[in-house]
Structures are given as C-alpha cells and as structure tokens.
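Novice: quick check, what structure comes out for this input:
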Amino acid sequence: MKVSVLLCVFGMAIVGSSVSLSQLLLGYPTLTGQALRYAAAAAVLLLIARRAPGPARPTAREWGILTALAATGLAAFNACILVALPHADAAVVGTVIGAAPLGLALIAPLARGVRPTYRIVAAAAVVVAGTALVQGTGRADGTGLLASLGALAGEVLFSLLAAAVLPRLGAVRVAAYSCALAVPLLLLAAVPAGEVPRWRVPTATEAVTLGYLALMMTVVAFLAWFTGLRRLGVERAGMIVGLMPVATLVTAAVQAGRWPDPGQAAGVLVVAAGLAVGLTGVRPSPPVADPAAATRLPARPPLSGPATAEPASPPATA
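Specialist: Numbers count the residues shown, from 1 in each chain. Next up, the predicted model:
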C-alpha cells in the first residue's frame, strides 16, 4: 500500500511540474512537439514491454479503449495545456486540472448507478471556490479557462480509461500502446492546424524540454502512476491527483525566482482543503474477481454502502 501511494505521489509530482515547464515550448508547433515527445516515449516503452510479462496483444475492445485514451488523456490533454498557458498562469491551469479527483468522485458513482454522497458535493463547492480565488488573483482569460477545463476532462478520462485495461495489459503496455497511438493522432491534427509550414528542428532549450517530457513526465511518470493506479484502484489513487496544483505552484515559483502570489497560494490551499474533505470519505471499489471483468470499470457496490469514486491520469501527462 505505501509503495503504491508513493508511486502515485511521484507520478503526480512530475505531471504537476510539467505544467509550468511546458511554457518553454510555447514557441514550437504545439501538436508537432507533443508528437515528437510521445514518439520518443513510445520507443522506450515498447522496448521495455518486450520483456514485460502478460499478453502481448490487446483485444479489439482494448484497442478501442487505448485509442480513446490516447486521443483524450494524451493528445487533447497536452494540447489544451499548451493552448491555455499563453492565456493563464501556470497555477491557474494546474489548479483547474487538480479538480479531477472530485470530477471522478461524481462520475464514478453515477456510472455504477448510485448517487454521490453529500460530502462529495460539498467538497466540490469548496474546490470551485478555491479555483475561483486562484483565477481572481492570477491571470486567466476565457480562452485560458476553457482550455484548462479541456485539460481537466482529459485528466479524468486518462485514469478512467486506463483503469479499464490495466488489469489485463499491465502498466507498461498501457503506457506504450497509448503513447504510440497518440503520435499519428497528433500529426493528423497538425495538418489542419497549419503547423506543417512551421515544422523545424527544435532549439537546444526545446529539445531538452521535449526530452524531459518524454522520459520523465511520460515514461517514468506514466509507469509510476499506472502501477499505483492498478494496485490502489481508481478511488484511492484519484485523490492523489490533488497534489498536482501544489507541484505546479512550487515549480512556477522556482522558475520565477520569487515566492508565489499570496492570493494564488491561498486558492491552492482552499482547493487542497476541499479535496481532503471530499476524498477522505471515499473507499475503493470491490476488487475484480474474474478475468472477464478485468477489462471493465469497477462493478456496482452494494446499495447499502457509501458512494465511491475517482480517476485519473496525466500526466499527465500527462
């Protein structure tokens, strides 16, 4: 249990720091840069997967889930972050994404046919208040807010979809296949986005940033998160996503060489308090008992028990 928690914490810390570091790629074609990142990560992960135990090939259903994971939790998630950063402070983006645990806490019970608890709903209101405080003291226009919400949706789907295929495929193959599938999706999207005429060799700073995102935020963080997610379950692992805004704020402060704005710091603390209130009452779903159920989301709990919930995934990164 402790090792699984530490793996998830480590993964989220890397994802949170990447929100601010991604600002170094604002001058490079967005979708093309992410395609390079995932291509490099996929090459490393596929080499690791060759030695990993378990089934070598996903089923047709699993390919569909992995494609949806690549499209939403990887491609769209990172594109939304890079679109948001010119229009919002990194702390704003990270705090909005940090609401993913409660989004999953509301969605997961409904997917199982039960109602969310009042505790979760109240905590969601606290998180919204904290996010509003960060937006009020930080810089965020309409485009930045919408793009941040798009990244939030990608983060929620990242863990929900991964949880459906992790039991049979394992962390290494889920990470490898989803990264590989994200590459053609990003390159296809780069054509109508007008990036083809702007293709160029990355600068030294951009190359180092892409390398970090590929190796640390993708290979290392994905393997850590998926391994912890598989062991802890979506509900318990999901509350750790709340650490993302903290990592984002710390990284932004280090890059700027100054202490965070008091209003932004207070907003992050309010969000953290809301996450603590909402997620301390969440308990994991029953374990999967049969191989056929291993590729499905957690089964419906007894109606007499409290509602459960939870994600995410990315790193992040997404």
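
Novice: biggest helix in the chain, by residue count?
Specialist: Longest helix in the chain, counting residues (DSSP state H): helix 142-190.

Novice: chain center to that one, what's the gap?
Specialist: Distance of helix 142-190 from the chain centroid (C-alpha atoms, centre = their mean, to the nearest Å) equals 8 Å.

Novice: which outside residues touch the helix or strand just after it?
Specialist: Next in sequence after helix 142-190, counting helices and strands by DSSP states H and E, comes helix 204-212. With C-beta atoms under 8 Å, 6 or more residues apart in numbering as the test, helix 204-212 has contacts from Ser18, Leu21, Ser22, Leu24, Leu25, Gly27, Tyr28, Gly33, Leu36, Arg37, Ala40, Pro202. To be clear about C-beta, it is placed using only N, CA and C from the backbone, and glycine gets the same treatment.

Novice: what angle do the helix or strand that comes right after helix 204-212 and helix 142-190 make?
Specialist: Once helix 204-212 ends, the next helix or strand along the chain (criterion: DSSP H and E) is helix 221-232. Helix 221-232 and helix 142-190 are oriented at 100 degrees to each other (axes from the mean of the first three to the mean of the last three C-alpha atoms, to 10 degrees).

Novice: how about helix 221-232 as PDB, C-alpha atoms only?
Specialist: Taking C-alpha atoms only, helix 221-232 is exported to PDB below (Å, rounded to 0.1, in the frame of the first residue of the first chain):
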ATOM      1  CA  ALA A 221       5.500   9.200 -14.500                       C
ATOM      2  CA  PHE A 222       3.200   7.000 -16.600                       C
ATOM      3  CA  LEU A 223       4.700   3.800 -15.300                       C
ATOM      4  CA  ALA A 224       4.600   5.100 -11.700                       C
ATOM      5  CA  TRP A 225       1.000   6.300 -12.000                       C
ATOM      6  CA  PHE A 226      -0.400   3.300 -13.800                       C
ATOM      7  CA  THR A 227       1.300   0.900 -11.400                       C
ATOM      8  CA  GLY A 228       0.000   2.700  -8.400                       C
ATOM      9  CA  LEU A 229      -3.500   3.100 -10.000                       C
ATOM     10  CA  ARG A 230      -3.700  -0.600 -10.700                       C
ATOM     11  CA  ARG A 231      -2.900  -1.500  -7.100                       C
ATOM     12  CA  LEU A 232      -4.800   1.200  -5.300                       C
END
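
Novice: report the distance from that helix to the chain centre.
Specialist: 12 Å.

Novice: list the contacts of Trp199.
Specialist: So Trp199 contacts Pro29, Thr32 (C-beta under 8 Å, 6+ apart).

Novice: quick one, phi psi at it?
Specialist: Backbone geometry at Trp199, expressed as degrees, to the nearest 10, gives phi -60, psi 140.

Novice: ok, now how distant is it from Leu181?
Specialist: Separation of Trp199 from Leu181 (C-beta to C-beta, to the nearest Å): 21 Å.

Novice: same check on Val191?
Specialist: 18 Å.

Novice: by contact count, what packs against the longest helix of the chain?
Specialist: helix 30-49, helix 60-69, helix 77-84, helix 90-97, helix 100-111, helix 221-232, helix 234-238 (3 or more C-beta pairs under 8 Å, 6 or more residues apart in numbering; DSSP states H and E).
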